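# Turn this into a structure:
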Amino acid sequence: MADAAAREDLVRSRLFVPALPIMVVVVGLLATLAGGLLIERLGEARERQRFEALVDQANDAIAARLDTYVAILQAGAGLFAASDEVTHSEFKAFARRVELRERYPGIQGIGYSARIEDGEEGAFVARQHAAGRDDYAISRRDDPQADERHAILYLEPEDERNRAAIGFDMYSEPTRREAMARARDTGGPAMSGKVELVQEIDEKKQAGFLIYEPIYAGDVAPATVEARRASLEGFLYAPFRAGDLLEAVFDSIDDKPYRYAVYYGEPAPENLLFRSSGGSPEGGYGLRAVRHVEVAGARWTAVYRAGPGFTGGAARQLTWAFLIAGIVATLLVAAATWWQGQARMAAEREVAARKRIEARQKLLMDELNHRVKNTLATVQSIAAQSLRQASDVESVRRNFEARLIALAQAHNLLTRDNWRGASLGELVATEFSPYLEEASGRLDADGPPVWLAPNTAVALGMAIHELTTNAVKYGALSTAAGRVLLRWDLEEIDPETDRLSILWREEGGPAVTPPSRKGFGSRLIVGGLAHQLDGEVRLDFPTDGVQCEIVFRVPRSPDPAMLPVGEAAG
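Next comes the predicted model:
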């Protein structure tokens with residue numbers, strides 16, 4: 001394949017040489033156009049990068065401002081945790097020290113909404129009247145889903161807008177109720193969806209939202225939801241006019257050449273909290289970016305669109321200058337650069353090809369080394385066991401040669417198919433082949449097609465050889481009436497794995513006497529085979545014939561790249 005590829009490259013080179021002058025002109029012009037396009041793209045990339053940086057700055061400013069308001073509420077929660085009861089004057093003093101309007105522009109105020117137990121509403125209002133708040137009254141919306149009673153008790157600074165909200169039961173309104181319930185159950189701050197604040201007493205109204213911090217009896221939040229619901233005393237909260245807040249945030253940013261719109265949740269007209277002046281960022285052309293702000297369990301989506309003055313014309317002027325001034329120069333430079341690029345690509349391909357060859361050689365050497373070591377270890381074990389059991393040199397030679405032949409037969413079968421594996425049926429036929437003429441019709445093997453991995457095939461081949469040799473010498477095949485039955489079957493375990501069960505049974509031979517000690521075959525089959533296959537091997541010696549059962553797992557199907565049995569040999 002490598003020679004064919006080299007010849008194909010040579011043919012291409014010969015066809016290309018006559019067209020070189022035309023290619024030089026074409027390549028030069030293309031290089032000039034590409035250079036102009038590159039300058040244009042780089043300019044756009046710089047603009048996009050600057051735009052993204054400005055958008056990130058704005059988004060970080062929104063998130064930081066909201067995080068600050070959450071921190072204020074958590075600090076206020078500490079005031080309630082440290083006191084059995086926070087009076088109106090104490091709450092005023094806290095709000096005054098915080099300096100809300102001066103330090104945190106955009107916040108409408110900070111308030112406390114108390115939970116009222118069933119049947120205690122009259123007593124609750126009476127206590128406020130007794131404290132000098134003669135005009136205090138509770139108002140709510142008619143909603144049958146409101147299963148709790150709450151009322152705004154304090155709201156600072158107590159200006160005209162905030163006074164309009166005092167006494168309102170926020171739990172009676174679904175959007176506020178969802179955020180209050182979430183804060184109550186989680187024990188942390190929760191932001192509401194888009195609402196119209198009770199403070200919107202002017203004709204020009206803004207979208208609003210609120211952030212709630214739950215207040216529980218005791219100095220720590222209960223551990224369970226049930227306990228939090230039982231011990232809830234109220235909420236420290238902050239109402240916001242979205243327009244005032246976002247204008248304050250963006251006024252703190254110096255460079256903002258974009259239009260923006262902020263939504264609660266996904267961008268949709270009904271979710272719009274505020275949009276900048278100058279038109280919607282959803283329409284028109286120019287760079288566009290979408291960012292998300294997640295605070296207190298709520299998610300805002302901010303959409304930004306670059307304004308008309310953001311995209312400068314310097315990059316386009318440079319592009320035209322390059323196109324006009326570079327056409328002649330690029331006729332030569334582009335061609336030289338193109339040829340150098342081709343030479344470099346050829347060199348890189350050569351280096352890459354050489355590295356692939358070296359890696360393949362190393363892989364083959366490692367594989368050869370591994371297989372030689374395994375084979376030598378197997379031969380060493382066979383030799384040691386043959387010497388240990390033999391009574392004379394001739395028996396050592398016979399046993400050693402027979403076992404080496406069995407090992408070689410398994411290796412030949414695997415080598416024929418490039419060591420991709422072997423068929424169990426073909427492996428059995430190979431091991432039985434020396435005895436088929438002598439024991440014709442008395443070796444009965446049957447089972448479904450099974451593909452074995454190389455190491456598994458070698459191990460099973462040795463085991464079948466030992467069983468067959470033992471049957472010929474001492475077992476069923478030592479008499480004319482004896483026979484050997486070899487059966488195997490597959491059982492599904494999971495979509496990728498089967499359980500292979502192999503049963504060797506001898507019958508019709510001489511009576512079997514269990515051996516007094518384990519020989520090489522027994523150790524190979526019961527010990528080594530079970531360990532190598534990671535399965536179970538049972539070798540029994542009933543009187544009517546030796547039985548061996550081998551059970552282990554095999555893959556459901558061979559590797560997709562694996563050839564069918566015998567195909568590699570062809």
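# Check the separation of the first and last residues in stretch 443-458.
Stretch 443-458 has an end-to-end distance of 21 Å (Cα to Cα, to the nearest Å).
# chain center to it, what's the gap?
On the basis of Cα atoms, centre = their mean, to the nearest Å, stretch 443-458 is displaced by 40 Å from the centre of the chain it belongs to.
# buried residues in it?
Applying a neighbour-count criterion of 16 or more other Cβ atoms under 10 Å, one finds 443, 445, 447, 450-454, 456-458 buried in stretch 443-458. All C-beta spots, glycine's among them, are computed from the backbone N, C-alpha and C.
# same deal with stretch 69-82?
Within stretch 69-82, the residues that count as buried by 16+ other Cβ under 10 Å are 69-70, 72-73, 76-77, 79-80.
# cool, stretch 215-230 as well?
For stretch 215-230, a neighbour-count test (16+ other Cβ under 10 Å) marks 215-216, 221-222, 228 as buried.
# ok, which pair from those residues is furthest apart?
Looking at these by Cβ to Cβ, the two members farthest from one another are 215 and 222, with 12.1 Å of separation.
# Residue 32 belongs to a strand, doesn't it?
No - secondary structure assignment (DSSP: H, G, I helix; E, B strand; the rest coil) places residue 32 in helix, not in a strand.
# count of neighbours near residue 321?
Around residue 321 sit 12 other residues, with neighbours defined as other Cβ atoms under 10 Å.
# how close does it sit to residue 32?
12 Å (Cβ to Cβ, to the nearest Å).
# Please apply the same query to residue 244.
Here the distance between residue 244 and residue 32 works out to 54 Å (Cβ to Cβ).
# Between those two, which has more neighbouring residues?
residue 32 (22 against 16).
# Does that one touch residue 324 like I think?
No - when contacts are counted by Cβ atoms under 8 Å, residue 32 is not listed as touching residue 324 (9.6 Å).
# tell me the SS of residue 119?
Using three-state DSSP, the structure places residue 119 in coil.
# For it, grab the count of nearby residues.
A count of nearby residues for residue 119, using other Cβ under 10 Å, gives 8.
# again with residue 181
A count of nearby residues for residue 181, using other Cβ under 10 Å, gives 18.
# so after whichever strand or helix holds it, what's the next helix or strand?
Assigning secondary structure by DSSP states H and E places residue 181 in helix 174-186. Following the chain from helix 174-186 toward its C-terminal end, the next helix or strand by DSSP H and E is strand 190-191.
# helices or strands next to that next one in the packing?
Using 3 or more Cβ pairs under 8 Å, 6 or more residues apart in numbering; DSSP states H and E as the contact criterion, the neighbours of strand 190-191 among helices and strands are helix 174-186, strand 208-216.
# go with 10 Å
helix 20-81, helix 174-186, strand 208-216, strand 232-241, strand 288-295, strand 298-306 (3 or more Cβ pairs under 10 Å, 6 or more residues apart in numbering; DSSP states H and E).
# Output those as CSV; include the columns mean pLDDT and distance to residue 134.
Conversion of these to CSV gives the following (pLDDT from 0 to 100; distance: least, Cβ to Cβ, whole Å):
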stretch, mean pLDDT, distance to residue 134
helix 20-81, 81, 25
helix 174-186, 94, 27
strand 208-216, 93, 26
strand 232-241, 92, 22
strand 288-295, 90, 38
strand 298-306, 90, 38
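# Make a markdown table out of the ones you listed and add distance to residue 136.
As requested, the helices and strands packed on strand 190-191 are exported to a markdown table (distance: least, Cβ to Cβ, whole Å):
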| stretch | distance to residue 136 |
| --- | --- |
| helix 20-81 | 20 |
| helix 174-186 | 20 |
| strand 208-216 | 19 |
| strand 232-241 | 15 |
| strand 288-295 | 32 |
| strand 298-306 | 31 |
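# Any idea which of the ones you listed gets closest to residue 135?
Of all these, it is strand 232-241 that lies closest to residue 135, at 20.2 Å by Cβ to Cβ.
# that older thread, give me the common contacts of residue 215 and residue 222.
Taking Cβ atoms under 10 Å, 6 or more residues apart in numbering as the contact criterion, the common neighbours of residue 215 and residue 222 are 231-232.
# before we move on, back to that, out of the helices and strands packed on strand 190-191, which gets nearest to residue 87?
For the helices and strands packed on strand 190-191, the distance to residue 87 is smallest for helix 20-81, at 11.2 Å, taking Cβ to Cβ.
# now the closest one against strand 288-295, angle please.
Going by axes from the mean of the first three to the mean of the last three Cα atoms, to 10 degrees, helix 20-81 is angled at 20 degrees with respect to strand 288-295.
# From the chain's centre, how far out is helix 20-81? Work that out for me.
What separates the centre of helix 20-81 from the centre of its chain is 26 Å, taken as Cα atoms, centre = their mean.
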